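Asks: Build me a model from this:
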Amino acid sequence: MSETRCATLGTIGIEHGEEELEIQNGSRELCYAQALISTHRSWCLSTPHVVTASTAFAARHLVAPKVQHSHLWQQTAGQLTTPGELFGNSVPANSIPGGQAEYVRCPLADSTFVLTPKNIPEEMLVLMADIFPTGYFAASRYLKNLNERDRKEFTVVCVGCGPVGICAITAALTMVDKVYVVDSVPERLEEARKIGAIPINLNDDPVAKIKAASDGRGADVVMEVVGHADAFHLAFDMIRPWGQISSIGVHTEPINMNGLMMYGKNVSMAFGRCPVRSIFEEALEVLVKEQKKVAFLCGKTMSLEDAPKAYEDFEQRKVTKVVFKMDKREAGQDVAQKVKA
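Replies: Residues are numbered from 1 along each chain as shown. From the prediction side, this is the model:
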């Protein structure tokens, strides 16, 4: 079997044959796996977009459920993976280069893979490769352990409702009763409304609307999923004193903040990439429960040979996500219909 590196991972089926990898009796650090776009195999596994270290240190502080309460786990959200790597990372450090392909190289498989549930279409698990855990993280960071009163009374806002925003809203609505969403694209706002959010157009003075909805105090929690300074400034303007901002947008430029305003508001702000492996099972459980809400994100299946057309459709907003299939006979399927069935 030749090695082909791939960045886009969802459900993984272990390839059986002459070079079979015996994961039943303990896996090796390197395995060859056939990606979601391939045919079914006996073993079905899910993996996030990062690989997790299988060192003794990681086993003590990351993998073993009994130590997830340790101070190291809590301080780092479980991300103590010094040898970890990121699938498809464009940065030279700690990366596994790749793209869509039939086979993928999966290092540290024994501490990275997770058995997939059987009560969800495998195409939906593409969301677990990145955007759903990220959206779940944006919500759970400050909303996960609210008491019943706060669940009912909190004013929560999501700035941005692209695919990650939709996932964040979906997760947040399992933790609080109401979520407002701010975006400038009417089609995105409509999709957010369909899953239960309260839409506000960016041009309709969202700061004033949020203050009006919260008796003048401002939002209790804002999830910023855009990754632009303007979006973060909007989040800061909407947040109440002592509120909390969860930013998971990828900021590539400096963010200039008013020091006196930050001092006066006492706002808690958290940034950074989702610690996906440490929350993977939690996010997966929510996805299975809420799969009907986000099924439209997976759109349709297409042949890998039609990838150029898929990217054109994405640019023209004809599709949200596309699941590539190696077998042309499996192309053209509506993923949402599989969920409804």
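Asks: C-alpha from now on. contacts and neighbour counts both.
Replies: OK.
Asks: Does residue 95 touch residue 85 like I think?
Replies: Yes - under the criterion of C-alpha atoms under 8 Å, residue 95 lies in contact with residue 85, with a separation of 5.1 Å.
Asks: neighbour-wise, which of these two wins?
Replies: The residue with more neighbours, out of residue 95 and residue 85, is residue 85; 20 against 17, by other C-alpha atoms under 10 Å.
Asks: and residue 314, how far is that from residue 299?
Replies: Plainly put, residue 314 is 10 Å away from residue 299 if you go by C-alpha to C-alpha, to the nearest Å.
Asks: Mind checking which of the two has more residues around it?
Replies: Between residue 314 and residue 299, counted using other C-alpha under 10 Å, the more crowded position is residue 299 (22 against 14).
Asks: Pull the number of nearby residues for the closest residue to residue 211 other than its chain neighbours.
Replies: Take residue 211 and drop its neighbours on the chain: the residue closest to it by C-alpha to C-alpha, 6 or more residues apart in numbering is residue 218, 4.6 Å away. Per other C-alpha under 10 Å, the neighbour tally for residue 218 reads 25.
Asks: Tell me the spacing between residue 218 and residue 311.
Replies: Here the criterion is C-alpha to C-alpha. By it, residue 218 lies 39 Å from residue 311.
Asks: Would you mind listing where this structure has pLDDT under the threshold?
Replies: Filtered on pLDDT under 70, the chain yields the residue ranges 1-84, 87-94, 97-102, 104, 340-341.
Asks: give me every residue that touches residue 271.
Replies: Residue 271 makes contact with 246, 247, 248, according to C-alpha atoms under 8 Å, 6 or more residues apart in numbering.
Asks: Where neighbours are concerned, which of the residues you listed has the most?
Replies: residue 247 leads these on contacts (other C-alpha under 10 Å) with 27 neighbours.
Asks: quick one: that residue from residue 280, how far?
Replies: Distance, residue 247 to residue 280, using C-alpha to C-alpha: 19 Å.
Asks: what's around residue 256, how many residues?
Replies: Neighbour tally, residue 256, other C-alpha under 10 Å: 10.
Asks: ok, and the closest non-adjacent residue to it?
Replies: Excluding the flanking residues, the one nearest residue 256 by C-alpha to C-alpha, 6+ apart is residue 229, at 7.8 Å.
Asks: In this structure that neighbour contacts residue 250, no?
Replies: No - Residue 229 lies out of contact with residue 250 (C-alpha under 8 Å); the separation is 10.2 Å.
Asks: Among these two, which residue is more densely surrounded?
Replies: Between residue 229 and residue 250, residue 229 has the larger neighbour count (other C-alpha under 10 Å), namely 17 against 14.
Asks: who's in contact with residue 237?
Replies: Residue 237 makes contact with residue 207, according to C-alpha under 8 Å, 6+ apart.
Asks: How much space separates it from residue 262?
Replies: To residue 262, residue 237 is 11 Å away according to C-alpha to C-alpha.
Asks: quick one: secondary structure of residue 161?
Replies: The assignment at residue 161 comes out as coil when based on DSSP: H, G, I helix; E, B strand; the rest coil.
Asks: Just give me the neighbour total for it.
Replies: Neighbourhood size, residue 161 [other C-alpha under 10 Å]: 26.
Asks: How is this structure divided into domains?
Replies: Structurally, the chain divides into domains by automatic domain parsing as follows: 11-116, 132-270, 299-340.
Asks: circling back to that earlier point, pretty sure the residue nearest to residue 211 sits against residue 239.
Replies: Yes - under the criterion of C-alpha under 8 Å, residue 218 is in contact with residue 239, at a separation of 5.1 Å.
Asks: Skipping its backbone neighbours, what lies nearest residue 307 in space?
Replies: Nearest non-adjacent residue to residue 307, counting by C-alpha to C-alpha, 6+ apart: residue 324, 7.6 Å away.
Asks: Okay, now the sheet partners of the helix or strand that that neighbour is a member of, with direction.
Replies: Secondary structure assigned from DSSP states H and E places residue 324 in strand 322-325. Sheet pairing of strand 322-325 (DSSP bridges) gives strand 300-303 (parallel).
Asks: After the strand it pairs with, which helix or strand is next?
Replies: helix 307-315.
Asks: list the buried ones in that following helix?
Replies: By neighbour count on 16 or more other C-alpha atoms under 10 Å, the buried set for helix 307-315 is residue 310.
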